[in-house]
Structure formats: structure tokens, C-alpha cells
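*Asks:* Dropping the sequence and predicted coords here.
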Amino acid sequence: MEVKDLFDPAVKQDILNRVNKLTPESKNQWGKMNASQMLAHCCVPLGVAEGKNKLKRSFMGFVFGRMARPMLYNEKPFKRGLPTDGSFIVKDPRDFNTEKQNLVGRINDFREDTLVGEKHPFFGKLTKEQWSKGMYKHLDHHLQQFGV
């Protein structure tokens with residue numbers, strides 16, 4: 001099974017439809033984030049890909065990122081409870097509607113021509129295809145976390 005590509009308009013629309021099914025009352029099936037925090041969390045890597053969020057490469061990323069990079073875009077789903085790079089963690093309260101609007105905007109803006117070649121703070125240098133598959137896989141993981 002090949003990982004879907006967020007550059008594909010039909011795939012992008014499916015993700016947007018799933019995001020739009022979320023409500024402030026949507027409950028996580030695992031993890032610590034509420035729906036608002038998850039929406040904010042999902043915006044961060046999309047912003048990195050577009051050069052809007054500048055994050056430093058983590059020490060663990062330098063050590064393990066290149067070796068772990070294929071897990072970002074291979075066909076295996078992300079495991080529940082994997083450690084999250086600290087720069088992607090959202091703990092503070094967030095407004096659901098604002099975060100949902102932000103994520104929908106980031107997803108809509110995610111295109112090949114908007115990627116700037118920014119390094120991922122854990123995985124390092126990624127191709128546009130790796131970014132696209134990784135962003136689909138990340139969004140899919142968190143939407144499943146909230147049952148959509």
C-alpha cells in the first residue's frame with residue numbers, strides 16, 4: 001500500500017473533509033492533546049515545510065533523524081505514543097475555531113510551489129515528495145486519533 005500524497009487534490013480534499021468533521025467536543029482515542037491542541041500541532045510541520053515556522057534541528061534529529069527518515073513517508077502507519085520533538089508539542093489552551101481555520105488554510109496552501117526546502121527539525125532535508133507523503137501521514141494519524 002503506497003502512502004497518499006497531499007499534493008493530490010482528491011487526497012487533500014479528503015483530509016479537509018475529515019478536518020471539517022472535528023468539533024470542540026471531539027475526543028482523543030489516545031494521547032494527551034485535545035482537539036484544539038491537535039489542530040495547532042498539525043499546523044507546525046506544514047509551516048516548517050513552507051518556511052513559515054523556523055525550528056532548530058534537535059540533537060536527537062542530528063543523531064537519529066536520517067536513519068528514522070523513512071518512517072515519515074513509508075507505508076507503515078505511525079505508532080501511537082511515539083515521542084514528539086519538543087518543537088511540535090502544544091500544551092497551552094487553544095481556541096478550536098481559530099486552530100481549525102489555521103489548519104484548513106495551511107492544508108490549502110500546501111503545494112509544491114510553496115515548499116521552500118526547509119529542513120525538518122528531526123528528519124532533516126526532505127524532498128518535496130517526502131514532505132507531501134509525510135504531511136499526509138501525519139495528518140491522517142492525528143485525524144484517526146480523533147476518530148475522523
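*Replies:* Structure received.
*Asks:* Contact partners for residue 69?
*Replies:* 123-124, 126, 130 (CB atoms under 8 Å, 6 or more residues apart in numbering). All C-beta spots, glycine's among them, are computed from the backbone N, C-alpha and C.
*Asks:* Among those residues, give me the pair with the biggest separation.
*Replies:* Within the contacts of residue 69, 124 and 130 form the most distant pair, 10.3 Å apart (CB to CB).
*Asks:* more neighbours, the two?
*Replies:* Taking other CB atoms under 10 Å, residue 124 and residue 130 do not tie; residue 130 has more neighbours (17 against 14).
*Asks:* need the helix or strand of this protein with the lowest average pLDDT.
*Replies:* Within the chain, judged by mean pLDDT, DSSP states H and E, the helix or strand with the poorest mean is helix 59-60; its value is a mean of 68.
*Asks:* Please list the members of the contacts of residue 69 that lie in helices.
*Replies:* When DSSP state H is applied, the contacts of residue 69 are split such that residue 130 fall in helices.
*Asks:* need the contacts of residue 69 in JSON lines with distance to residue 112, can you?
*Replies:* Output for these, formatted as JSON lines (distance: CB to CB, whole Å):
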{"residue": "123", "distance to residue 112": "19"}
{"residue": "124", "distance to residue 112": "20"}
{"residue": "126", "distance to residue 112": "13"}
{"residue": "130", "distance to residue 112": "12"}
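*Asks:* Distance to residue 69 and pLDDT for the contacts of residue 69 - can I get that in CSV?
*Replies:* Converted to CSV, the contacts of residue 69 look like this (distance: CB to CB, whole Å; pLDDT from 0 to 100):
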residue, distance to residue 69, pLDDT
123, 5, 82
124, 7, 81
126, 7, 89
130, 8, 92
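*Asks:* Return the closest of the contacts of residue 69 with respect to residue 75.
*Replies:* Closest approach to residue 75 among the contacts of residue 69 (CB to CB): residue 130, at 13.5 Å.
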